[in-house]
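In: Turn this into a model:
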Amino acid sequence: MAKQIVKFSPLHEQIVLGSMLRDPTLRVELVKRLDPAMFYAPNHRIIFSALVELTEKGLDYTPGTLKSFLPSYGDWGGSEYLDKLVEMESPENIEYHIERAKWDRSRNLILGHDINELEVVLRDPRSSPEEAAEILKEIQGYISEIDEGSAFIHGPGMAARYEAKLHARESGHHIRTSGYLALDKKLTNPFGPGLISVLAALPSTGKTSLALNMAMRQSKRWKVGYLAWEGDHFSATDTISSCALGIPLLNIIKFPGRRTHAQREAMSEFIDNLYDERAMLSFLKRPPKEILKKRSPWEVNDAVIDYFEAQVAKWGRDIIYWDLFEKTLADTKPHAITWAVNRIQQIAKDYNVHIVLLHQINLKEAEKRHSKIPTRGLVKGAGIYIEAPDFVFGLHREGVYNPRITDDELEVYVLKQRHGVWPFKIVFDWAGEYCRVSGGKERQITVEDDFDEDGV
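Out: Numbering: from 1, shown residues only. All right, here's what the predicted structure looks like:
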């Protein structure tokens with residue numbers, strides 16, 4: 001029997017997409033609620049998937065920007081069709097059009113496939129009730145999806161979503177870099193959304209300075225957040241100002257009167273821009289004191305991370321640095337840290353942000369060794385800090401331990417990257433007077449892996 005021909009009107013799907021193109025607030029809401037599979041028309045699945053990618057990257061809609069997430073091949077309608085969709089917007093009645101679009105999809109899927117099969121089964125005297133029941137079950141499934149959505153990852157909707165990700169990669173929209181070419185070219189998807197990294201070092205090695213140098217470079221293109229909870233945001237501002245303006249840190253902290261008139265004016269303007277509410281680099285306050293007065297250390301951990309997640313949801317950052325992660329927590333027993341890092345990893349995925357946890361090398365263990373070069377086994381409380389992150393970086397400055405050499409190099413060891421080669425190191429120029437990290441050259445190394453699953 002020939003498949004029944006179904007007449008499909010795309011009106012409701014067009015109104016939903018047009019409303020999303022026109023209204024940025026509605027777009028953010030609907031990309032979280034809806035799924036590409038809701039759309040019956042293939043070109044609408046493609047356009048919706050591209051809108052999801054655009055929104056997750058924090059970009060505003062323009063026809064040109066959206067086209068960079070759309071395939072150069074295939075028939076999705078072109079720029080003229082996007083203009084047509086915008087003219088059909090109706091955000092005031094959006095819920096009605098969403099429900100009608102869902103029902104149109106289910107109705108057409110049923111009419112175009114299952115009804116024909118059901119009729120064949122019912123007309124066949126050799127068929128069984130079980131065969132008819134199985135088809136009816138599929139029909140009921142299509143109807144149930146209107147309210148509940150499918151729990152299974154399959155179908156053309158998922159294919160369209162993945163295609164949009166591929167197009168985003170081709171256009172470069174998914175790449176978030178460290179700001180240092182020598183490091184980025186060796187990393188696979190550096191600082192990618194939904195991932196976490198660990199940056200570990202012994203005290204006074206320069207991990208905060210490196211993190212702030214990276215944050216400044218990244219903030220030229222992405223929205224960066226910094227949790228200066230180890231020191232405070234004023235201390236972080238000292239470091240950033242020294243690095244950005246070339247003013248010796250001592251002349252900011254200890255001898256501010258030594259700054260020239262030009263340096264004072266430049267610093268004043270720099271600080272005004274840094275603390276502007278629209279700044280691409282911003283700081284997050286410490287958790288309220290009442291959070292730290294919970295009854296148990298575990299409850300404090302839970303409350304601190306709840307506070308962090310609530311701010312991330314409002315903050316809209318692409319990359320976030322947490323300095324120092326573990327010192328903010330009250331319960332630092334291994335199982336509590338494992339739970340905390342796993343929660344941070346989930347937050348990164350849920351909000352499509354890259355989170356960098358600043359951490360410490362085990363000082364007591366390092367002091368026993370002749371070489372202070374970081375290894376995975378030296379990462380304090382190693383277990384989860386090695387297993388969970390996509391990248392693990394260890395820092396070293398030989399000039400700190402050897403007074404016979406000039407302290408002008410900062411070595412960054414890549415101790416893990418989930419989808420790429422390691423270990424290797426990049427040697428940067430270090431200007432401690434200005435907390436400045438620059439340059440960068442790759443050097444091949446062999447690092448003994450002294451880490452096991454128990455962190456021994």
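
In: what ranges do the strands span in the chain?
Out: Using DSSP state E, the strands assigned to the chain run over residues 196-201, 224-228, 281-283, 319-323, 354-360, 391-396, 409-417, 424-431, 436-443.

In: Quick one: mean pLDDT over the longest one.
Out: Averaging pLDDT along strand 409-417 yields 96.

In: just to revisit the earlier point, tabulate the strands of the chain (CSV), appending distance to residue 26 and mean neighbour count.
Out: C-beta: built from backbone N, CA, C; applies to glycine. Converted to CSV, the strands of the chain look like this (distance: least, Cβ to Cβ, whole Å; neighbours: other Cβ atoms under 10 Å):
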stretch, distance to residue 26, mean neighbour count
strand 196-201, 31, 25
strand 224-228, 26, 25
strand 281-283, 26, 20
strand 319-323, 26, 25
strand 354-360, 27, 25
strand 391-396, 36, 26
strand 409-417, 38, 23
strand 424-431, 44, 20
strand 436-443, 42, 15
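
In: between these, which one is nearest to residue 369?
Out: strand 391-396 (12.0 Å; Cβ to Cβ).

In: ok so, going back, can you lay out the strands of the chain as TSV showing distance to residue 68?
Out: Rendered in TSV, the data for these read as follows (distance: least, Cβ to Cβ, whole Å):
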stretch	distance to residue 68
strand 196-201	27
strand 224-228	23
strand 281-283	25
strand 319-323	21
strand 354-360	21
strand 391-396	27
strand 409-417	27
strand 424-431	31
strand 436-443	29
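
In: mean pLDDT lowest for which of these?
Out: Mean pLDDT across the strands of the chain is lowest at strand 436-443; the value there is a mean of 91.

In: Could you figure out how far that strand is turned away from strand 409-417?
Out: Comparing the axes of strand 436-443 and strand 409-417 via axes from the mean of the first three to the mean of the last three Cα atoms, to 10 degrees yields an angle of 60 degrees.

In: Please name every helix or strand in contact with strand 436-443.
Out: Under the contact definition 3 or more Cβ pairs under 8 Å, 6 or more residues apart in numbering; DSSP states H and E, strand 436-443 sits against helix 181-184, helix 207-218, strand 424-431.

In: Format those as a markdown table; extra columns: distance to residue 289.
Out: Listed next are the helices and strands packed on strand 436-443 as a markdown table, based on distance: least, Cβ to Cβ, whole Å:
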| stretch | distance to residue 289 |
| --- | --- |
| helix 181-184 | 38 |
| helix 207-218 | 24 |
| strand 424-431 | 37 |
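
In: Among these, which comes closest to residue 352?
Out: Distances from residue 352 to each of the helices and strands packed on strand 436-443 were compared using Cβ to Cβ; the shortest belongs to helix 207-218, at 15.5 Å.

In: Give the buried residues for that closest one.
Out: Residues 207-218 are the ones in helix 207-218 that count as buried (16 or more other Cβ atoms under 10 Å).

In: roughly how far apart are residue 214 and residue 208?
Out: Using Cβ to Cβ, to the nearest Å, one gets 11 Å for the distance from residue 214 to residue 208.

In: And for residue 23?
Out: Where residue 208 is concerned, residue 23 sits at a distance of 41 Å (Cβ to Cβ).

In: just to revisit the earlier point, and which of the buried residues of helix 207-218 is nearest to residue 248?
Out: Nearest to residue 248 among the buried residues of helix 207-218, with distances taken as Cβ to Cβ, is residue 209, at 13.8 Å.

In: List the contacts of the closest residue to that closest one other than its chain neighbours.
Out: Counting by Cβ to Cβ, 6 or more residues apart in numbering, the nearest residue to residue 209 once its immediate chain neighbours are dropped is residue 435, at 4.3 Å. Applying Cβ atoms under 8 Å, 6 or more residues apart in numbering to residue 435 gives the contacts 206, 209, 212-213, 239, 242-243, 249.

In: Would you mind measuring from residue 435 to residue 242?
Out: Using Cβ to Cβ, we find residue 435 at a distance of 5 Å from residue 242.

In: Please apply the same query to residue 15.
Out: Looking at residue 15 against residue 242, where the rule is Cβ to Cβ, the gap reads 54 Å.

In: Same question for residue 110.
Out: 67 Å.

In: between those two, which one's more packed in?
Out: Residue environment comparison for residue 110 versus residue 242 gives the larger neighbour count to residue 242, 24 against 20, counting by other Cβ atoms under 10 Å.

In: any idea how far the more buried one is from residue 279?
Out: 18 Å.

In: do residue 87 as well
Out: 36 Å.

In: of the two, who's got more company?
Out: The residue with more neighbours, out of residue 87 and residue 279 and counting by other Cβ under 10 Å, is residue 279; that gives 14 against 10.

In: Read off the pLDDT value for the residue nearest to that one when sequence neighbours are not counted.
Out: Using Cβ to Cβ, 6+ apart and skipping the chain neighbours, the partner closest in space to residue 279 is residue 273 (6.4 Å). What the model reports as pLDDT for residue 273 is 94.

In: Does residue 67 touch residue 77 like I think?
Out: No. Between residue 67 and residue 77 there is no contact under Cβ atoms under 8 Å: 10.9 Å.

In: how far out from the middle of the chain is stretch 427-445?
Out: 26 Å (Cα atoms, centre = their mean, to the nearest Å).

In: Start and end of that stretch, how far apart?
Out: The first and final residues of stretch 427-445 sit 11 Å from each other (Cα to Cα, to the nearest Å).

In: who's in contact with the residue of the chain most remote from its centre?
Out: Counting by Cα atoms, centre = their mean, the extreme residue of the chain relative to its mean C-alpha position is residue 125, 57.7 Å from that point. When contacts are counted by Cβ under 8 Å, 6+ apart, residue 125 touches no other residue.

In: Next one: it from residue 176, what distance?
Out: Between residue 125 and residue 176 the distance is 64 Å, computed by Cβ to Cβ.

In: quick one: low-confidence ranges for this protein?
Out: When the per-residue scores of the chain are filtered using pLDDT under 70, the ranges that remain are 1-8, 72-74, 112-116, 139-158, 161, 167-175, 382, 446-456.

In: Domains of it: list them as residue ranges, please.
Out: Under automatic domain parsing, the residue ranges defining each domain of the chain are 11-171, 181-443.

In: Let me know how buried residue 251 is, in neighbour terms.
Out: Neighbours of residue 251 under the rule other Cβ under 10 Å: 16.

In: is it true that it touches residue 264?
Out: No. In this structure, residue 251 is not within contact of residue 264 by Cβ under 8 Å, at 10.6 Å.

In: how many other residues sit next to residue 405?
Out: By other Cβ under 10 Å, the residues close to residue 405 number 10.

In: measure it to residue 375 for me?
Out: Noted for residue 405: a distance of 21 Å to residue 375, by Cβ to Cβ.

In: try residue 356
Out: Distance of residue 356 to residue 375, given as Cβ to Cβ: 20 Å.

In: Repeat that for residue 257.
Out: Plainly put, residue 257 is 44 Å away from residue 375 if you go by Cβ to Cβ.
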